[in-house]
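A.B. asks: Please find the sequence and the predicted model below.
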Amino acid sequence: MKKSIIVLSSVLGLAASPALAENWNVVSRSSATAFMVDVDSIAQAGGVTSARLARVPAKGGPTDLSHSIGTISFRCAANQSKAGEEVYYGPDGAEQERIDDGYDFEPIVRNSLDSFVKEIVCEDKRGTAAFPTIRAFIEAGRPDSR
């Protein structure tokens with residue numbers, strides 16, 4: 001009986017806990033890749049503001065879930081950024097590989113991807129195209145909107 005109560009309490013606790021929210025804004029797009037920032041992942045700690053950045057192939061079928069998600073960090077006032085760990089997902093959406101190159105902060109080049117991401121992460125700008133998940137973006141046909 002005690003085991004049942006403990007298990008039931010654990011299950012109810014999980015059900016009551018909030019799900020991790022996602023809000024993917026399309027930042028930029030090339031003929032090969034759509035770049036998206038999860039604005040719900042923006043966080044600040046120790047003078048550094050970070051967020052999750054996705055790279056999704058611009059073309060592909062609705063069942064090809066290939067993409068990568070990495071962390072990008074900014075020293076907003078110093079106009080510096082650095083890439084963090086990148087996780088690659090295969091066509092089935094399963095994790096394939098993790099890479100952390102251990103980059104240092106570097107100055108942000110004007111009109112670069114990092115400069116566009118910085119506008120969202122540090123300056124609170126938002127894209128007009130937003131999706132609740134990467135899967136939703138893919139299943140919507142990878143729309144060409146920013």
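C.D. replies: Perfect, I can see it now. Computed from a predicted structure; not experimentally measured.
A.B. asks: OK, contacts around the residue most central in space within the chain?
C.D. replies: With distances taken as C-alpha atoms, centre = their mean, the residue of the chain nearest its centroid is Arg52 (3.2 Å). For Arg52, the contact set (C-beta atoms under 8 Å, 6 or more residues apart in numbering) comprises 37-38, 41, 69-72. For every residue, glycine as well, the C-beta is placed using N, CA and C.
A.B. asks: Which ones among those residues map onto strands?
C.D. replies: Using DSSP state E to define strands, the subset of these located there is 37-38, 41, 69-72.
A.B. asks: quick one: which of these is most hemmed in?
C.D. replies: Val37 (26 neighbours; other C-beta atoms under 10 Å).
A.B. asks: Now do the strands in the protein.
C.D. replies: Ranges of strands in the chain, per DSSP E, are 24-29, 33-45, 48-57, 67-75, 80-89, 95-99, 106-107, 130-131.
A.B. asks: Just list the residues touching Pro132, thanks.
C.D. replies: Contacts for Pro132 (C-beta under 8 Å, 6+ apart) come out as 22-24.
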